[in-house]
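A.B. asks: Okay, predicted coordinates and the sequence, questions at the end:
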Amino acid sequence: MKTISMFIPCLADLFLPRIGEATVTLLRRLGLDPIYHDAQTCCGQPAISSGHMDSAVKAAKHFIQIFEHDEIIICPSGSCVHTVKHQYPDLLKKEPEWAHRARRVGAKTYELSQFLVDILGTKDVGASFSGSAVYHESCKNLRRLGISDQPRKLIDAVKNTELLPLKEADVCCGFGGEFSIRFPDISEAIVAQKVQHFINSEADILVLSEPGCLLNVDGYLQRHHPEKKAMHLAELLSHTE
Amino acid sequence: MEINTHRFTETAKKELKNEYSRVFLDIFRQHFPVLRKKAMASFPNPDKALEKSAAIRADVVARLPELLNQFEKNAIRNGAKVFRAKDAKAANEFIVNLAKQRGVTYVTKGKSMVTEEIGLNQALEENGIKAFESDLGEFITQLLDRPPFHIVGPAMNIPVEEISDIFQKKAGMKDPTLDPVELGQAARVYLRNKFHHVEMGITGVNMAVAETGTIINVENEGNIRMSKSSPKTQVSVMTLEKVVENMADALHLVRVLCRSCTGQKLSAYVSMDSGPKKENEIDGPEELFIVIVDNGRWNFYDDSQSREALKCIRCGTCLNICPVYTKVGGYPYGWAYSGPMGQVLTPLLLGLDRTKDLYHACTQCGACSEVCPGGIDHPKMLHEFRIRQTRIRPRISFKKNDIIDFFEFALWEKMVVHPSLWKLGVTMSRSATRQKNAVRMLKKTNGPVKNWTQSRTMPQIARKTFHERWNELRDKK
């Protein structure tokens, strides 16, 4: 049984642990052995995006030390994968040895859907869910990792699920980490638009593969449209009826 | 022009309530990318076309001093007079003096963002010289005394009723009309008279070709061509990054520019001028002045990351797809340039201190860099400004936000490398977020909790985090 190291983003760990649980269920169903390093904390993305690079360097080194001996690392968040894969080497460029270690870790770190489709070569993960779904293209997944087809193929293969088109699916949801609390009014206008498109699509669920976007969209839904549901791709893929 | 970059949040708040703009921008955001994509598809390979334009711009920026010298030499050989203006003041003084020497009482203008940047109209007016904007959009914003809403369509947010009113009040239109053709005609009649007697025209520059000393202007209304060919004295104002090595490069950029800018394969007018009227020619200005404006650009040229901003060709496509711009419009950006290109350029020209909101008002979605013909990675640049700003800030500062910021990350960096501290922090925060009174208070106090919960429910730290659940899950295999 292949061992897969799970890198569960801190947002999911703290606020949406169900994403982590779904990831475990899913991987085990596929006959894999998920492991989880208890010492993992945060990859450093919040420090990076607000410009606190010295703090971020510490987070990066901690992450590398914990994960560098793993064969494959998977993560249910494109933005965290982007941080490890693309931002760590830059962050550590003044320390070539660390930068080298960062690149080695980055090379074996995959976003969940990317791992399932591109590495495992699977589409049907044995999930079933009765209802229609739309998919929101989270920005880092789409534009920094080039992930778009993979989640769609996975959703399409879920038994009894119909994948519907979502208008402006590739437009940002307005989260942007610190952006959402620095500019709450603009962020609200953007997420309201996303939710309106979701409602207009008449789909039962909005699927996305980024905990940050989920926190944002779901928080807005709970306040304004509690009857509508957003879920992480891992949750849909772990679902069986 | 007045600098209001520090009012970003306040203006954005106001603009978000402007229903007319909101409806307009929503339609615009949904339709423009389709138009652009369709136009780009007329290239045999759209991705390659964009790569090529980015490569051209990268080369220009890398060899800027050399190409500028070459352009200057060839422009002079063509008979133009070239003035290098170190800053706004020098550029304005040169143009004002020129106008005074020529004894003109007014000038006509083609749309030019650099003249907005240096505040040329105001400098002219202060010296008793009237400037008539001849681009329809600029004409409207000038009559209304508004800043540009968009670098390409400065008045595209103005309701037609308002245009009708202002044309009646200030542009001699007799009867109210909402017919765009009639409104266009009214502006035409008003401006035609100005063109008829104009002695001096001032326009911007889209491209300055180094090998030939040629100036290229791209437009749809013919007003720039009119402004360049009617008067005796023509002044072309450009920022130094407008230069391109040769005509082939310039024409590729023109093709990409038009597609990115308005979704056209080519604009209605593209004019190329190499020097003033020659002896055997029947039209054109008798004298041509080219003003090359620095205004702070050489200051950041040596910095390889900042100079990326100079790759911009002002197509405006980054504004049209930006989730933030297409909600708040151009006014909050508080100066000549708006949207991602403005967020990248303005802080470099005005400094990081008074433009803080500009480099933070970005979700880092990357939609802009994906379509940029110049190959600029706007989110990366804005991120770089954030880093620089935290570096220049003193480690000890007594400003409220700085203190919060400092403690937040000083504490965070300890927790992040010590899993036991991290867990302790999680346990403590969990009980704190479950103190109903404390949360209620935080929701009312200006800060992250209030801002988040303004439109969303407060996320709660789970009763059992994944860390804690894993202990059970691990053994459940």
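C.D. replies: Thanks, I have the structure now. Residues are numbered from 1 along each chain as shown, chains lettered A, B, ... in the order given.

A.B. asks: The longest strand along chain A packs against which elements?
C.D. replies: With DSSP state E setting the assignment, residue counts place strand A:128-135 as the longest strand in chain A. In terms of contacts (3 or more Cβ pairs under 8 Å, 6 or more residues apart in numbering or on different chains; DSSP states H and E), strand A:128-135 is packed against helix A:149-156, strand A:159-163, strand A:205-208. Placement of C-beta: from N, CA and C, glycine included.

A.B. asks: Just the buried positions in that strand, please.
C.D. replies: For strand A:128-135, the neighbour count (16 or more other Cβ atoms under 10 Å in any protein chain shown) marks A:Phe129, A:Ala133, A:Val134, A:Tyr135 as buried.

A.B. asks: Switch the helices and strands packed on strand A:128-135 over to a markdown table; also include mean pLDDT and mean neighbour count.
C.D. replies: Below are the helices and strands packed on strand A:128-135 laid out as a markdown table (pLDDT from 0 to 100; neighbours: other Cβ atoms under 10 Å in any protein chain shown):
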| stretch | mean pLDDT | mean neighbour count |
| --- | --- | --- |
| helix A:149-156 | 97 | 20 |
| strand A:159-163 | 97 | 16 |
| strand A:205-208 | 98 | 25 |
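
A.B. asks: how about a markdown table for these, with distance to B:Ile292 added?
C.D. replies: Listed next are those as a markdown table, based on distance: least, Cβ to Cβ, whole Å:
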| stretch | distance to B:Ile292 |
| --- | --- |
| helix A:149-156 | 48 |
| strand A:159-163 | 54 |
| strand A:205-208 | 48 |
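
A.B. asks: Compare these and report which one is nearest to B:Asp26.
C.D. replies: strand A:205-208 (19.4 Å; Cβ to Cβ).

A.B. asks: close to chain B, is the closest one?
C.D. replies: No: against chain B, strand A:205-208 shows no contacts by Cβ under 8 Å from any Cβ of the partner chain, the least distance being 13.6 Å.

A.B. asks: Return the helix or strand in the chain with minimum mean pLDDT.
C.D. replies: All of this is about chain A. Lowest by mean pLDDT, DSSP states H and E among the helices and strands of chain A is helix A:45-49, with a mean of 91.

A.B. asks: hmm, I had chain B in mind actually
C.D. replies: helix B:400-417 (a mean of 75).

A.B. asks: contacting residues around the following helix or strand past it?
C.D. replies: Per DSSP states H and E, the first helix or strand lying C-terminal to helix B:400-417 is helix B:419-433. Applying Cβ atoms under 8 Å, 6 or more residues apart in numbering or on different chains, the contact partners of helix B:419-433 are A:14, A:38-42, B:411, B:414-416, B:438-439, B:458, B:460-461, B:463, B:465, B:467.

A.B. asks: change it to 7 Å
C.D. replies: A:14, A:38-39, A:41, B:414-416, B:438-439, B:460-461, B:465, B:467 (Cβ atoms under 7 Å, 6 or more residues apart in numbering or on different chains).

A.B. asks: Please apply the same query to stretch A:79-94.
C.D. replies: Contacting residues not belonging to stretch A:79-94 are listed as A:7, A:9, A:43-45, A:48, A:53, A:56-57, A:60, A:63, A:75, A:98-99, A:102-103, A:105-106, A:109-111, A:140, A:144-145, A:210, A:212 [Cβ under 7 Å, 6+ apart].

A.B. asks: what does the strand or helix carrying B:Leu345 contact?
C.D. replies: Assigned by DSSP H and E, B:Leu345 belongs to helix B:339-350. With contact meaning Cβ under 7 Å, 6+ apart, helix B:339-350 is reached by B:3, B:5, B:295-296, B:300, B:306, B:309, B:312, B:318-319, B:322, B:325, B:333, B:335, B:337, B:355, B:358-359, B:361-362, B:368, B:376, B:378, B:381-382, B:385.

A.B. asks: Recalculate using a threshold of 6 Å.
C.D. replies: B:296, B:300, B:306, B:309, B:312, B:318-319, B:322, B:325, B:333, B:335, B:337, B:355, B:358-359, B:368, B:378, B:381-382, B:385 (Cβ atoms under 6 Å, 6 or more residues apart in numbering or on different chains).

A.B. asks: Measure how the longest helix seen in chain A sits relative to strand A:128-135, angle-wise.
C.D. replies: Secondary structure of chain A per DSSP state H: the longest helix is helix A:184-201. Helix A:184-201 runs at 130 degrees relative to strand A:128-135, counting by axes from the mean of the first three to the mean of the last three Cα atoms, to 10 degrees.

A.B. asks: Packing partners of helix A:184-201?
C.D. replies: Helix A:184-201 sits against helix A:211-224, helix B:8-16, with contacts defined as 3 or more Cβ pairs under 6 Å, 6 or more residues apart in numbering or on different chains; DSSP states H and E.

A.B. asks: Can you show me the strands along chain B?
C.D. replies: Along chain B, counting by DSSP E, strands occupy B:81-85, B:106-109, B:130-133, B:200-203, B:207-209, B:214-219, B:233-239, B:243-244, B:269-273, B:287-293.

A.B. asks: TSV for the ones you listed, including mean pLDDT?
C.D. replies: As requested, the strands of chain B are arranged in TSV below (pLDDT from 0 to 100):
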stretch	mean pLDDT
strand B:81-85	98
strand B:106-109	95
strand B:130-133	96
strand B:200-203	96
strand B:207-209	98
strand B:214-219	97
strand B:233-239	97
strand B:243-244	98
strand B:269-273	95
strand B:287-293	98
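
A.B. asks: Dump the ones you listed to TSV, plus mean neighbour count and distance to chain A.
C.D. replies: Shown next, in TSV, are the strands of chain B (neighbours: other Cβ atoms under 10 Å in any protein chain shown; distance: least, Cβ to the nearest Cβ, whole Å):
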stretch	mean neighbour count	distance to chain A
strand B:81-85	17	34
strand B:106-109	24	33
strand B:130-133	19	30
strand B:200-203	28	35
strand B:207-209	26	29
strand B:214-219	23	28
strand B:233-239	25	28
strand B:243-244	26	28
strand B:269-273	18	32
strand B:287-293	23	30
